[in-house]
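>>> give the three-dimensional model of this entry:
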Amino acid sequence: MFKDKVALKKKAKTRIRKRIRKKIMGTHERPRIFVFKSNRYIYAQVINDEDGKIMASACTLEKNFRGKNKSPKNQEACQALGEILAKRLKDKKIKTVIFDRGVYPYHGRIKVLADSVRKGGITF
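So this is what the prediction gives:
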C-alpha cells in the first residue's frame, strides 16, 4: 500500500508540472527560474527553454553557501540563495525572468526566495 501511495504522489506531481510547463516557457531574453526543494537542500536554476540550456544556477549545497547559514533549508537560507541568484543573473546581464515554482505553493520558502530575487533587481 505504501508503494502505491508514493506512486500516486509522483504521478500527481508530474501532471502538475506538465500543466504548468504548458503555460510557462523561458526564452533567451526572459529565461525561466525553476525551483526544486529536496529534503535537505533548495536548488534554483535559470533555464533557456529555446536552446535547452541552463544559464545560471544556485543551491544551498555550494561550499561558499554552507558556512554562512546554520540550516540549508530555512527561510534565511532561501533569502540568501535568492540574493546569490540575483547577483549571478546581473553578471550575465539578465534583467527579467519568469518564475516557475513547480509543484510547490507560492508560500513560505518559495515566496521568500522570489522576494529576495526581486530585491536583487530582477523583475518578474
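>>> how about residue 73, what does it touch?
37, 40-42, 60, 109 (Cβ atoms under 8 Å, 6 or more residues apart in numbering). (Each C-beta comes from the backbone N, C-alpha and C, glycine too.)
>>> what's the farthest-apart pair in these?
40 and 109 (13.1 Å; Cβ to Cβ).
>>> between the two, who's got more neighbours?
Between residue 40 and residue 109, counted using other Cβ atoms under 10 Å, residue 109 has the larger neighbour count: 19 against 10.
>>> so how far is residue 50 from the more buried one?
29 Å (Cβ to Cβ, to the nearest Å).
>>> CA atoms of the helix or strand containing residue 11 as CSV?
Taking DSSP states H and E as the definition, one finds residue 11 inside helix 2-23. Coordinates of each C-alpha in helix 2-23 appear next as CSV, following Å, rounded to 0.1, in the frame of the first residue of the first chain:
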residue,chain,number,x,y,z
PHE,A,2,2.9,2.4,0.8
LYS,A,3,4.4,2.0,-2.7
ASP,A,4,1.0,2.8,-4.3
LYS,A,5,0.7,6.0,-2.3
VAL,A,6,4.2,7.1,-3.3
ALA,A,7,3.5,6.3,-7.0
LEU,A,8,0.2,8.2,-6.9
LYS,A,9,2.0,11.3,-5.5
LYS,A,10,4.7,11.1,-8.2
LYS,A,11,2.0,10.9,-10.9
ALA,A,12,0.2,13.8,-9.5
LYS,A,13,3.4,15.9,-9.3
THR,A,14,4.2,15.0,-12.9
ARG,A,15,0.7,16.0,-14.0
ILE,A,16,1.0,19.4,-12.2
ARG,A,17,4.5,20.0,-13.8
LYS,A,18,3.2,19.3,-17.3
ARG,A,19,0.2,21.6,-16.7
ILE,A,20,2.5,24.4,-15.6
ARG,A,21,5.0,23.9,-18.4
LYS,A,22,2.3,24.3,-21.0
LYS,A,23,1.9,27.9,-19.9
